[in-house]
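Visitor: Return a 3D structure for these sequence lines:
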Amino acid sequence: MERPLDTVRPSSMKQQREKKSETLEVRLPHSKKEAFKAACEAEGITASHAVRTFIDAYLRRSRQMKAKRIAKDISMTLIRNPLKTTGGLAAAATAIVGFFSLALPSVADTDVQPIAPPTPSYPIELSQQGVSAKCKSTFNVSKEGFVETGIEVDCTHPGFVEVTRKAIQSLRFEPRVVDGEPVRMTGIVYPIEYRIEPGIEEISGPEAPN
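Guide: Residues are numbered from 1 along each chain as shown. Just a heads-up that it's a prediction; the model follows:
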(Lines give C-alpha, C1' and ligand atoms only; values in the text may rest on other atoms or scores of the structure.)
Protein backbone atom coordinates (compact mmCIF):
# COMPACT_ATOMS: atom_id res chain seq x y z
CA MET A 1 0.00 0.00 0.00
CA GLU A 2 1.28 3.43 -0.91
CA ARG A 3 1.94 5.88 1.90
CA PRO A 4 -0.47 8.87 1.91
CA LEU A 5 1.20 12.01 0.64
CA ASP A 6 -0.04 14.16 3.55
CA THR A 7 2.07 12.12 5.99
CA VAL A 8 5.37 12.90 4.23
CA ARG A 9 7.06 16.06 5.55
CA PRO A 10 9.50 18.10 3.42
CA SER A 11 12.34 17.47 5.90
CA SER A 12 11.74 13.73 5.64
CA MET A 13 11.87 13.92 1.85
CA LYS A 14 15.22 15.68 2.07
CA GLN A 15 16.59 13.02 4.38
CA GLN A 16 15.37 10.28 2.07
CA ARG A 17 17.28 11.83 -0.85
CA GLU A 18 20.51 11.85 1.17
CA LYS A 19 22.39 8.65 0.53
CA LYS A 20 23.69 7.11 3.73
CA SER A 21 23.60 3.42 2.95
CA GLU A 22 27.18 3.02 1.72
CA THR A 23 29.61 1.46 4.18
CA LEU A 24 33.38 1.57 4.52
CA GLU A 25 34.98 -1.62 5.78
CA VAL A 26 38.08 -1.31 7.94
CA ARG A 27 39.87 -4.53 8.82
CA LEU A 28 41.55 -4.56 12.24
CA PRO A 29 43.04 -7.31 14.40
CA HIS A 30 40.56 -8.39 17.05
CA SER A 31 42.73 -7.11 19.89
CA LYS A 32 43.06 -3.68 18.29
CA LYS A 33 39.30 -3.49 17.61
CA GLU A 34 38.49 -4.31 21.21
CA ALA A 35 41.05 -1.78 22.46
CA PHE A 36 39.50 0.87 20.20
CA LYS A 37 35.98 0.13 21.45
CA ALA A 38 37.17 0.24 25.05
CA ALA A 39 38.90 3.59 24.47
CA CYS A 40 35.73 5.03 22.91
CA GLU A 41 33.65 3.78 25.81
CA ALA A 42 36.07 5.38 28.26
CA GLU A 43 35.68 8.67 26.40
CA GLY A 44 31.91 8.35 26.44
CA ILE A 45 31.53 8.23 22.66
CA THR A 46 30.57 5.57 20.15
CA ALA A 47 33.06 3.95 17.82
CA SER A 48 31.13 5.32 14.84
CA HIS A 49 31.35 8.85 16.20
CA ALA A 50 35.12 8.46 16.72
CA VAL A 51 35.59 7.24 13.14
CA ARG A 52 33.48 10.07 11.68
CA THR A 53 35.41 12.61 13.73
CA PHE A 54 38.69 11.17 12.46
CA ILE A 55 37.51 11.28 8.84
CA ASP A 56 36.41 14.92 9.15
CA ALA A 57 39.76 15.88 10.68
CA TYR A 58 41.65 13.92 8.02
CA LEU A 59 39.78 15.68 5.20
CA ARG A 60 40.54 19.10 6.70
CA ARG A 61 44.20 18.17 7.04
CA SER A 62 44.25 16.84 3.47
CA ARG A 63 42.93 20.17 2.14
CA GLN A 64 45.52 22.08 4.16
CA MET A 65 48.36 19.85 2.96
CA LYS A 66 47.20 20.26 -0.64
CA ALA A 67 47.34 24.02 -0.23
CA LYS A 68 50.84 23.72 1.26
CA ARG A 69 51.99 21.58 -1.66
CA ILE A 70 50.66 24.16 -4.09
CA ALA A 71 52.44 26.92 -2.22
CA LYS A 72 55.69 24.96 -2.19
CA ASP A 73 55.46 24.16 -5.89
CA ILE A 74 54.64 27.72 -6.87
CA SER A 75 57.15 29.32 -4.51
CA MET A 76 60.04 29.48 -6.95
CA THR A 77 62.40 31.82 -8.73
CA LEU A 78 61.35 35.45 -8.31
CA ILE A 79 64.25 37.35 -9.73
CA ARG A 80 66.69 36.45 -12.45
CA ASN A 81 67.24 39.94 -13.76
CA PRO A 82 69.54 42.54 -12.21
CA LEU A 83 68.26 45.03 -9.65
CA LYS A 84 68.47 48.75 -9.26
CA THR A 85 70.40 50.43 -6.46
CA THR A 86 70.01 53.72 -4.58
CA GLY A 87 66.39 54.71 -4.94
CA GLY A 88 63.46 53.81 -7.13
CA LEU A 89 61.89 50.40 -7.66
CA ALA A 90 63.99 47.61 -9.06
CA ALA A 91 62.83 44.95 -11.44
CA ALA A 92 61.31 41.72 -10.25
CA ALA A 93 62.28 39.67 -13.22
CA THR A 94 60.21 36.52 -13.04
CA ALA A 95 56.42 36.61 -13.08
CA ILE A 96 54.88 33.36 -11.91
CA VAL A 97 51.56 32.64 -13.57
CA GLY A 98 49.58 30.06 -11.68
CA PHE A 99 48.01 29.78 -8.27
CA PHE A 100 50.30 32.62 -7.26
CA SER A 101 52.05 35.15 -9.44
CA LEU A 102 54.56 37.95 -9.17
CA ALA A 103 54.52 41.37 -10.75
CA LEU A 104 57.05 42.30 -13.40
CA PRO A 105 58.02 45.99 -13.26
CA SER A 106 60.19 47.49 -15.98
CA VAL A 107 63.86 46.51 -15.90
CA ALA A 108 66.17 49.28 -14.74
CA ASP A 109 69.88 49.36 -13.94
CA THR A 110 71.91 46.20 -14.35
CA ASP A 111 74.68 46.69 -11.82
CA VAL A 112 73.39 44.31 -9.14
CA GLN A 113 72.91 40.64 -9.89
CA PRO A 114 71.79 38.00 -7.36
CA ILE A 115 73.62 34.70 -7.64
CA ALA A 116 70.69 32.60 -6.48
CA PRO A 117 67.03 33.67 -6.45
CA PRO A 118 64.95 33.61 -3.26
CA THR A 119 62.12 31.16 -2.66
CA PRO A 120 59.37 33.01 -0.81
CA SER A 121 56.35 31.01 0.31
CA TYR A 122 52.80 32.26 -0.10
CA PRO A 123 51.24 32.26 3.39
CA ILE A 124 48.80 29.34 3.40
CA GLU A 125 45.93 31.04 5.22
CA LEU A 126 46.19 34.16 3.08
CA SER A 127 46.25 32.10 -0.11
CA GLN A 128 43.11 30.27 1.00
CA GLN A 129 41.45 33.63 1.65
CA GLY A 130 42.52 34.96 -1.76
CA VAL A 131 44.58 37.77 -0.23
CA SER A 132 47.15 39.48 -2.46
CA ALA A 133 49.86 41.98 -1.56
CA LYS A 134 52.70 44.11 -2.87
CA CYS A 135 55.96 44.23 -0.91
CA LYS A 136 59.06 46.37 -1.27
CA SER A 137 62.26 45.45 0.52
CA THR A 138 65.20 47.80 0.98
CA PHE A 139 68.51 46.44 2.18
CA ASN A 140 72.31 46.57 2.01
CA VAL A 141 74.76 43.94 0.80
CA SER A 142 78.14 43.28 2.36
CA LYS A 143 81.43 43.21 0.44
CA GLU A 144 81.15 39.43 0.49
CA GLY A 145 77.76 39.53 -1.23
CA PHE A 146 75.52 38.68 1.75
CA VAL A 147 72.35 40.59 2.66
CA GLU A 148 72.95 42.47 5.89
CA THR A 149 70.60 42.59 8.84
CA GLY A 150 68.17 45.47 9.10
CA ILE A 151 66.07 44.64 6.03
CA GLU A 152 63.21 47.10 5.67
CA VAL A 153 60.05 45.46 4.34
CA ASP A 154 56.93 47.42 3.44
CA CYS A 155 53.88 45.35 2.40
CA THR A 156 50.31 46.31 1.64
CA HIS A 157 49.28 43.44 3.96
CA PRO A 158 51.21 42.70 7.18
CA GLY A 159 50.83 38.96 6.73
CA PHE A 160 53.46 38.97 3.98
CA VAL A 161 56.19 40.87 5.81
CA GLU A 162 58.00 37.97 7.48
CA VAL A 163 57.93 35.58 4.51
CA THR A 164 59.31 38.37 2.35
CA ARG A 165 62.01 39.25 4.87
CA LYS A 166 63.04 35.60 5.09
CA ALA A 167 63.22 35.30 1.31
CA ILE A 168 65.32 38.46 0.98
CA GLN A 169 67.67 37.30 3.72
CA SER A 170 68.46 34.20 1.65
CA LEU A 171 69.70 36.23 -1.33
CA ARG A 172 73.36 36.10 -2.30
CA PHE A 173 74.97 38.60 -4.68
CA GLU A 174 78.08 38.75 -6.80
CA PRO A 175 80.41 41.12 -4.96
CA ARG A 176 80.64 44.46 -6.67
CA VAL A 177 84.22 45.32 -7.55
CA VAL A 178 85.48 48.90 -7.78
CA ASP A 179 89.14 49.57 -8.63
CA GLY A 180 89.89 45.91 -8.08
CA GLU A 181 88.35 45.79 -4.61
CA PRO A 182 84.95 44.46 -3.48
CA VAL A 183 82.70 47.17 -2.08
CA ARG A 184 79.57 47.24 0.07
CA MET A 185 76.31 47.95 -1.76
CA THR A 186 73.57 50.02 -0.16
CA GLY A 187 69.99 51.00 -0.91
CA ILE A 188 69.06 47.95 -2.97
CA VAL A 189 65.32 47.81 -3.59
CA TYR A 190 63.57 44.52 -4.28
CA PRO A 191 59.80 44.54 -5.06
CA ILE A 192 57.69 41.41 -4.91
CA GLU A 193 53.98 41.10 -5.65
CA TYR A 194 51.95 38.18 -4.35
CA ARG A 195 48.84 37.66 -6.43
CA ILE A 196 46.23 34.92 -6.68
CA GLU A 197 45.47 33.79 -10.21
CA PRO A 198 42.54 31.34 -9.89
CA GLY A 199 41.91 28.91 -12.68
CA ILE A 200 45.39 29.14 -14.20
CA GLU A 201 47.60 26.12 -13.80
CA GLU A 202 50.54 27.04 -16.01
CA ILE A 203 53.75 28.30 -14.44
CA SER A 204 55.96 30.49 -16.58
CA GLY A 205 58.35 33.38 -16.43
CA PRO A 206 60.14 35.74 -18.79
CA GLU A 207 63.67 35.07 -19.89
CA ALA A 208 66.49 37.02 -18.35
CA PRO A 209 67.83 39.81 -20.57
CA ASN A 210 70.89 39.09 -22.67
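Visitor: Buried residues, the helix or strand residue 137 falls within. List them.
Guide: Counting by DSSP states H and E, the element that carries residue 137 is strand 133-141. By neighbour count with 16 or more other Cβ atoms under 10 Å, strand 133-141 contains the buried residues 133, 135, 136, 137, 138, 139, 140, 141. The C-beta positions use only the backbone N, C-alpha and C, and glycine is treated the same way.
Visitor: who does that strand touch, helix- and strand-wise?
Guide: strand 152-155, helix 161-169, strand 185-196 (3 or more Cβ pairs under 8 Å, 6 or more residues apart in numbering; DSSP states H and E).
Visitor: Deepest-packed of the ones you listed, please.
Guide: strand 185-196 (a mean of 20; mean count of other Cβ atoms under 10 Å).
Visitor: pLDDT averaged over that strand - what is it?
Guide: Averaging pLDDT along strand 185-196 gives 83.
Visitor: for the record, mean pLDDT for the strand holding residue 137?
Guide: Across strand 133-141, pLDDT averages out at 88.
Visitor: And the contacts of that strand?
Guide: With contacts defined as Cβ atoms under 8 Å, 6 or more residues apart in numbering, strand 133-141 is touched by 89, 103, 112, 126, 147-148, 150-157, 159-161, 164-165, 168, 173, 176, 184-194.
Visitor: Helix 161-169 and that strand, what's the angle between them?
Guide: Strand 133-141 runs at 40 degrees relative to helix 161-169, counting by axes from the mean of the first three to the mean of the last three Cα atoms, to 10 degrees.
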